[in-house]
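Novice: Mind looking at a prediction? Sequence and model below.
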Amino acid sequence: MKQNPKLQTASNSPPAYQGGVTIKSSEELEAMRRAGAVVAETIAILKEAMKPGITTGQLDRIANREIRRRGGSPTFKGYRGFPGSICASVNEEIVHGIPGDRVLQEGDLLKVDVGATVDGFIGDSAVTVGIGRISEEAERLIETTRQSLEDGIRAAKDGARTGDIGDAVERCATAQGFSVVREYVGHGVGRFLHEDPQAPNYGPPGRGARLRKGMTLAIEPMVNVGGWKTRLLADQWTVVTADGSLSAHFEHTIAITGGDAEVLTRI
Ligand code: MG
Ligand code: MG
């Protein structure tokens with residue numbers, strides 16, 4: 001039977017996000033786990049390929065292939081017109097770099113952000129990797145940013161607030177003399193890439209949205225060697241540090257549980 005094309009379009013397009021915090025059912029959390037696993041596996045494969053001489057566009061094609069091979073689709077492709085399957089940001093670029101012809105060089109700091117939609121639910125995760133040998137300062141920046149994410153995840157407990165996560169992230173980064181980006185923040189994630197609440201990478205503790213069991217969040221510290229201010233490049237996507245200093249970014253999608261948060265994008 002021929003379907004009414006209008007009805008078909010309506011059933012194929014996701015419902016528009018109405019705002020507000022969504023609490024995921026156990027079935028929805030299962031789908032979030034599958035999406036998270038696809039993202040984690042894709043990032044693991046990308047890490048193997050991140051060597052001097054490869055272009056960010058080649059990494060983009062690998063990610064697209066690996067996500068689709070696992071039954072997912074790259075969430076970022078076409079999101080508000082974004083052209084890539086992944087974001088690839090180098091050195092002073094913080095987030096939202098567009099993959100292309102740029103050849104990675106020894107000493108570069110590469111941030112790769114991957115989103116995959118599986119059965120209607122999204123996993124969102126990012127890593128920073130040094131290409132070949134990198135400076136001691138770059139190593140310390142990467143390690144600190146990774147640790148700040150772990151500290152943030154540890155603070156993400158049922159009953160705590162988003163400010164507690166941000167405070168934990170900020171303390172870790174500033175203890176090393178680095179700054180955290182304030183103009184871009186973590187976020188709720190689920191059927192939509194960006195849901196409520198916002199999850200800033202700074203305090204104060206005890207403020208912000210209350211965390212509840214079944215909430216799923218993308219926690220994503222962006223940490224700069226220099227100041228926290230950012231600038232947008234002419235491509236209207238790539239966010240760079242205003243002072244040109246190095247930046248690192250790590251991100252996991254987590255679920256709030258009755259105990260420690262469950263990390264959905266870790267394998
Ligand atoms: Mg992301
Ligand atoms: Mg995110």
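Specialist: Thanks, I have the structure now. Ligands and ions are numbered 1, 2, ... in the order given.
Novice: For the longest helix along the chain, buried residues please.
Specialist: What stands out as the longest helix in the chain, according to DSSP state H, is helix 26-49. By 16 or more other Cβ atoms under 10 Å, the buried positions in helix 26-49 come out as 28-29, 31-43, 46. Every C-beta, even on glycine, is put in place using the N, C-alpha and C of the backbone.
Novice: Get me the contact residues on the stretch 1-150 of the chain for ligand 1.
Specialist: Selection of the stretch 1-150 of the chain residues close to ligand 1 by Cβ under 5 Å from the ion yields 113, 124, 126.
Novice: quick check, Ile134 in a helix?
Specialist: No: assigned with DSSP: H, G, I helix; E, B strand; the rest coil, Ile134 falls outside any helix and is coil.
Novice: Please list all residues in contact with the residue in the stretch 1-150 of the chain that ligand 2 sits nearest to.
Specialist: The minimum distance from the stretch 1-150 of the chain to ligand 2, using Cβ to the ion, falls at Asp124 (4.3 Å). Counting by Cβ atoms under 8 Å, 6 or more residues apart in numbering, Asp124 touches 39, 75, 113-115, 189, 193, 218, 220, 251, 253, 265.
Novice: most neighbours, which of these?
Specialist: Val39 (34 neighbours; other Cβ atoms under 10 Å).
Novice: pLDDT at that residue, what is it?
Specialist: Per-residue pLDDT puts Val39 at 99.
Novice: Verify the stated contact: it with Val114.
Specialist: Yes: counting by Cβ atoms under 8 Å, Val114 is a contact partner of Val39 at 5.1 Å.
Novice: Give the residues shared as contacts by those two.
Specialist: In contact with both Val39 and Val114: 67, 124-125, using Cβ under 8 Å, 6+ apart.
Novice: Return the member of those residues nearest to Leu141.
Specialist: Nearest to Leu141 among the shared contacts of Val39 and Val114 is Ser125, at 18.8 Å by Cβ to Cβ.
Novice: In space, what's closest to the closest one - neighbours in sequence excluded?
Specialist: Thr265 (3.7 Å; Cβ to Cβ, 6 or more residues apart in numbering).
Novice: for stretch 77-97, the distance to its chain's centre please.
Specialist: 11 Å (Cα atoms, centre = their mean, to the nearest Å).
Novice: cool, and stretch 60-78?
Specialist: With Cα atoms, centre = their mean, you get 15 Å for stretch 60-78.
Novice: hmm, who's touching it?
Specialist: 35, 37-39, 41-42, 45-46, 49, 82-88, 99, 112-118, 122, 124, 193.
Novice: That one and ligand 2 in contact?
Specialist: No: residues of stretch 60-78 contacting ligand 2 under Cβ under 5 Å from the ion: none, with a closest distance of 9.7 Å.
Novice: CA atoms of that stretch as PDB?
Specialist: Extracted in PDB, the C-alpha atoms of stretch 60-78 (Å, rounded to 0.1, in the frame of the first residue of the first chain):
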ATOM      1  CA  ASP A  60      37.000  11.900   8.900                       C
ATOM      2  CA  ARG A  61      36.500   9.300   6.200                       C
ATOM      3  CA  ILE A  62      37.700   6.500   8.600                       C
ATOM      4  CA  ALA A  63      35.300   7.700  11.200                       C
ATOM      5  CA  ASN A  64      32.300   7.800   8.800                       C
ATOM      6  CA  ARG A  65      33.100   4.300   7.600                       C
ATOM      7  CA  GLU A  66      33.600   2.800  11.100                       C
ATOM      8  CA  ILE A  67      30.400   4.400  12.500                       C
ATOM      9  CA  ARG A  68      28.300   3.200   9.600                       C
ATOM     10  CA  ARG A  69      29.900  -0.300   9.800                       C
ATOM     11  CA  ARG A  70      28.600  -0.500  13.300                       C
ATOM     12  CA  GLY A  71      25.000   0.500  12.400                       C
ATOM     13  CA  GLY A  72      25.300   4.100  13.400                       C
ATOM     14  CA  SER A  73      25.300   7.400  11.600                       C
ATOM     15  CA  PRO A  74      27.700  10.300  12.300                       C
ATOM     16  CA  THR A  75      25.600  12.700  14.300                       C
ATOM     17  CA  PHE A  76      27.600  15.800  13.400                       C
ATOM     18  CA  LYS A  77      27.300  15.500   9.600                       C
ATOM     19  CA  GLY A  78      24.800  18.100   8.500                       C
END
